[in-house]
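1. Turn this into a model:
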Amino acid sequence: MKGYLFTWEKGRGEPHFVEEKLDRALASTSWNERFPDALVLTMVATCSDHLPLILVNEAQATKISRIAFRFENRWKEDEGFGKLVNDQWEITDSTATIAEILRSLSTELTRWCRKHPKIDRKNIEELKNTIEECDLTQTRNQR
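-> Modelled structure (predicted):
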C-alpha cells in the first residue's frame, strides 16, 4: 500500500480529530504472484470521510501518485483565507470549468498554506502542558 496512511477521518480541524486505517485491499498468494508489481494507492476524496483506494501496477503508480490536497477547517478562521478564495474565483477565466477553477484554487491554497504551517504534535503537547500547569496553579491558589 502506498500513499496516505489513513483512509478514514472525522472532525478535521476540530479538537477531537480522528484518523483510522479502515479500508483495505485483499489479494491471494496466486494473485500476488501473477501481479507482483501491483500497488494499492490511497487517493483523494472530496465528498467522503473515506479515502478511495485504487489498485494499479507499478508503471501506473508513478503517473497517479502525488501529494493530495487536503482542506483544513482551521483555514476558515484566518482573515486571508476568504479573500484568497474570492480573489481566485474572480480572476479565473469565465470559460473555465469548475474542475479547472478548483484545481487552480487548490494550487493557490497549497501555496498559501506553506505560509500558515500546521500545528504539529510537539506544539500540541506544549499547549497541553501549559494548560495542565495553569490547572495546577489554579488548584493550588484555591487551597
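2. The spatially most central residue of the chain is in what secondary structure piece?
-> Centroid-nearest residue in the chain: residue 70, 3.5 Å away (criterion: C-alpha atoms, centre = their mean). According to DSSP states H and E, residue 70 maps onto no helix or strand at all.
3. got the residue ranges for the helices in this structure?
-> According to DSSP state H, the chain carries its helices in the segments 29-34, 58-64, 79-91, 98-114, 121-142.
4. for those helices, which one sits closest to residue 1?
-> Among the helices of the chain, helix 58-64 comes nearest to residue 1, with 11.0 Å by C-beta to C-beta. Using the backbone N, CA and C atoms, a C-beta is placed for each residue, glycine as well.
5. care to break this structure down by domain?
-> Taking automatic domain parsing as the reference, the chain has its domains at 1-67, 69-143.
6. Lowest average pLDDT across the helices of the chain?
-> The minimum mean pLDDT among the helices of the chain belongs to helix 58-64 (a mean of 56).
7. Now tabulate the helices of the chain in a markdown table and tack on distance to residue 18 and mean neighbour count.
-> Below are the helices of the chain laid out as a markdown table (distance: least, C-beta to C-beta, whole Å; neighbours: other C-beta atoms under 10 Å):
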| stretch | distance to residue 18 | mean neighbour count |
| --- | --- | --- |
| helix 29-34 | 32 | 9 |
| helix 58-64 | 27 | 12 |
| helix 79-91 | 24 | 12 |
| helix 98-114 | 22 | 14 |
| helix 121-142 | 14 | 10 |
